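Participant: Could you look at this predicted model? Sequence included:
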Amino acid sequence: MTGSPPLKIRYSIGYLQDQYDCGNKKPLEDLIRAWKGIQELPITDKRSFFVIGGYHGEPFQYRKQVDELSQVDQYVYWGGYCNHGNVLFPTWHRVYVLKLEEALQSIVPDVTMPYWDETDEYSIKHGIPAILTQAQFELDGEIIDNPLKSFILPEALSDSIPSDDRAYEKPKGYETVRYPLSGLVGTPEARAATESHNAQYPHPSQNTELLNKNIVAWLTGREPREPEPEPDSPRAKGTYWEYQQCLHAPNYTVFSNTTSANQWNLDHANHVVSLESPHNDIHLAIGGFDIPSPSGLQEAGLLAGANGDMGENNTAAMDPIFFFHHCNVDRMFWLWQKQNGFTDKDTIEVIQGYAGTNSSDDQGPTPGIAPDTPLNLYTPLNPFVKDQFGNVYTSRDCINIEEDLGYTYAPGSLEKKVPLNVLESGYSHKKLMVRGINRALFQGSFVLRVYATVKDENGQFKEYYLGSHSVLSRRNVVKCANCLTHLEVIAYFPLDQIPENLIDSAKYRLDIQHRGSKLPKLQYNFAVID
């Protein structure tokens, strides 16, 4: 009998870059060769990057259903297969990265998908590894366009869906963009506004610098008036802090997604952060949402600012960096499993009937899944087929990556669980809850930012920046009325920056950075909870 094949190891992209710089060029060159290969495959090939990238969002899939009252055809859902805001988020994306990796291996058999270690020292200080942003690369003696930086669409992303905003459509030949650039080109008006905006940023090297500064700011939780807090500081509530916190989630259901975590925070005194929360931050940081300005005012508007592809569910997976990001998200999932004793499939459990365990929660149902379907470990992870018989993966098939899928991760940051921060004496242990915001009212992704103003014992007013909450969303949310009842945004902001004796008199302010030209009329409320 022969033993199992050796595990394939996924390394950090930073490690591959370091190896290349030290003279061991083959691992990085093989990766570039594989990525170049899948981007050049015809769109009729299921291994092509265009096809795989399209599973997440565009090109959309949708169907009609006759409304029983009006007897009129209505679109009951639309959008890609991706799962967000429910318990399938970690497992669906785990298999998604695996399918991309298998496509790469069809070009270069021994290649594995690297992860961008978003919480390592380099990223916290400098941002994105250079190999993911540099314009060109020398491969086999030829200077080529770097396939890890962007992707040029071989066909248009265009779907005639009722009431859809055509500004977001992408023509054949469109090249994906990141912060600070905009990619709205679907209508003449949008294209003209985008050209005007992008003309302000004509220098690629300077744009990369701006992008990296934005990434560092999001990771470290930089405050408007204290520009460089240490990322381990109890008051630094950035993406780095959220990644640390999610490793303490007590069970899979609340670890897996923001909907379940929000309900848990309503039901329990201890505050939890889901894996999906820092994941959202990175999407929006790359896609075009920036840190607060010192005045607290945000640049907002459908056409006024940056609108990169990573900032919208519909096009995010067309940017190659999506998969390096999600490979790290999968690594964080595996770290949580190892650190908390959840590597065996029988230890992973979905709390039946809990928020985030229904197909109509948050984003709404995906193609092939009916509205109001309970989600569990046996729910099909469409459209990913696991064998020659056409059987579709389920979450049960991918719990233990080493035993079930044959790969593992090389060591990276956060290998050891970081202890929860200890509150400073005299500062509040309470948190501020913001709820009642309907995600369906917004066009695409948006960011909540909250401030508190207090009067100290000397009668002086001081404003505290409490942090941000990212909402990664589609530009046009689901079309069924049932799904629209599950779209409330609930966000929590620790109040441990504020002295305990000033909490009761504090005044709170919410700013929203969004894609629309006008802020929707919102009904929301603040509540201080233990």
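Facilitator: Happy to help now that I have it.
Participant: Show me the strands in the stretch 251-400 of the chain, by range?
Facilitator: Using DSSP state E, counting those that start in this stretch, the strands of the stretch 251-400 of the chain run over residues 380-385, 392-394.
Participant: Of the ones you listed, flag the one that's most buried.
Facilitator: strand 392-394 (a mean of 20; mean count of other Cβ atoms under 10 Å). For the C-beta atoms, the positions are set from N, CA and C on the backbone; glycine is no exception.
Participant: For that one, enumerate the helices and strands it packs against.
Facilitator: strand 380-385 (3 or more Cβ pairs under 8 Å, 6 or more residues apart in numbering; DSSP states H and E).
Participant: Direction included, what does the strand it packs on pair against?
Facilitator: Under the criterion DSSP bridges, strand 380-385 sits next to strand 392-394 (antiparallel) in its sheet.
Participant: Check the offset of the strand it pairs with from the chain's centre.
Facilitator: 22 Å (Cα atoms, centre = their mean, to the nearest Å).
Participant: List of residues touching it?
Facilitator: 95, 377-386 (Cβ atoms under 8 Å, 6 or more residues apart in numbering).
Participant: ok, of the residues you listed, which one's closest to Asn265?
Facilitator: Distance from Asn265 was checked for each of these by Cβ to Cβ. The minimum falls on Leu377, at 23.6 Å.
Participant: which residues of the stretch 251-400 of the chain score low on pLDDT?
Facilitator: 291-304 (pLDDT under 70).
Participant: wait, Asn382 sits on Gly80?
Facilitator: No: counting by Cβ atoms under 8 Å, Asn382 does not reach Gly80; the two are 10.2 Å apart.
Participant: Distance across stretch 132-141, terminal residue to terminal residue?
Facilitator: Distance across stretch 132-141, first residue to last, is 20 Å (Cα to Cα, to the nearest Å).
Participant: can I get the strands of the stretch 251-400 of the chain in TSV with distance to Asn458?
Facilitator: Formatted as TSV, the strands of the stretch 251-400 of the chain follow (distance: least, Cβ to Cβ, whole Å):
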stretch	distance to Asn458
strand 380-385	58
strand 392-394	61
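Participant: Looking at these, which is nearest to Ile351?
Facilitator: strand 392-394 (17.6 Å).
Participant: So Val272 sits against Tyr252, correct?
Facilitator: No: Val272 is beyond contact range of Tyr252, at 11.9 Å (criterion: Cβ under 8 Å).
Participant: ok, those two, which is more surrounded?
Facilitator: Tyr252 (25 against 20; other Cβ atoms under 10 Å).
Participant: what's the spacing between that one and Glu463?
Facilitator: 38 Å (Cβ to Cβ, to the nearest Å).
Participant: Likewise for Gln513?
Facilitator: Distance of Gln513 to Glu463, given as Cβ to Cβ: 18 Å.
Participant: Mind checking which of these two has more residues around it?
Facilitator: Between Gln513 and Glu463, counting by other Cβ under 10 Å, Gln513 is the more crowded of the two (23 against 14).
Participant: Just list whatever residues bridge to that one.
Facilitator: Beta-bridge partners, per DSSP bridges, of Gln513: Val447.
Participant: Isn't it up against Gly444?
Facilitator: No: assessed by Cβ under 8 Å, Gln513 is found out of contact with Gly444, at 11.3 Å.
Participant: tally of neighbours for Ala269?
Facilitator: 9.
Participant: Tell me if I'm right that it and Lys431 touch.
Facilitator: No: checked against Cβ under 8 Å, the pair Ala269 and Lys431 is beyond contact range at 9.8 Å.
Participant: can you list residues touching both of Asn382 and Gly80?
Facilitator: Shared contacts of Asn382 and Gly80, counting by Cβ under 8 Å, 6+ apart, come down to 366-367.
Participant: Which helix or strand contains His429?
Facilitator: His429 is part of no helix or strand, with elements assigned from DSSP states H and E.
Participant: my guess is it meets Val528, correct?
Facilitator: No: the pair His429 / Val528 is not scored as a contact, 11.1 Å apart, by Cβ under 8 Å.
Participant: where do the contact lists of these two overlap?
Facilitator: Joint contacts of His429 and Val528 (Cβ under 8 Å, 6+ apart) are Leu495.
Participant: how far away is Tyr465 from Tyr508?
Facilitator: Computed as Cβ to Cβ, the Tyr465 to Tyr508 distance reads 12 Å.
Participant: what does Leu519 give?
Facilitator: With Cβ to Cβ as the criterion, Leu519 and Tyr508 are 17 Å apart.
Participant: So for the two, which sits in the more crowded spot?
Facilitator: Tyr508 (18 against 13).
Participant: Not counting sequence-adjacent ones, nearest residue to the more buried one?
Facilitator: Leaving out its chain neighbours, the residue that sits closest to Tyr508 by Cβ to Cβ, 6 or more residues apart in numbering is Phe526, at 4.7 Å.
Participant: Could you give the number of residues near the one you found?
Facilitator: That count, for Phe526 with other Cβ under 10 Å as the rule, works out to 17.
Participant: likewise Thr343?
Facilitator: Residue neighbour count, defined by other Cβ under 10 Å, stands at 17 for Thr343.
Participant: Identify the residues contacting it.
Facilitator: So Thr343 contacts 337, 399-400 (Cβ under 8 Å, 6+ apart).
Participant: ok, now how distant is it from Pro171?
Facilitator: From Thr343 to Pro171 the distance is 45 Å (Cβ to Cβ).
Participant: One more: Thr253?
Facilitator: 42 Å.
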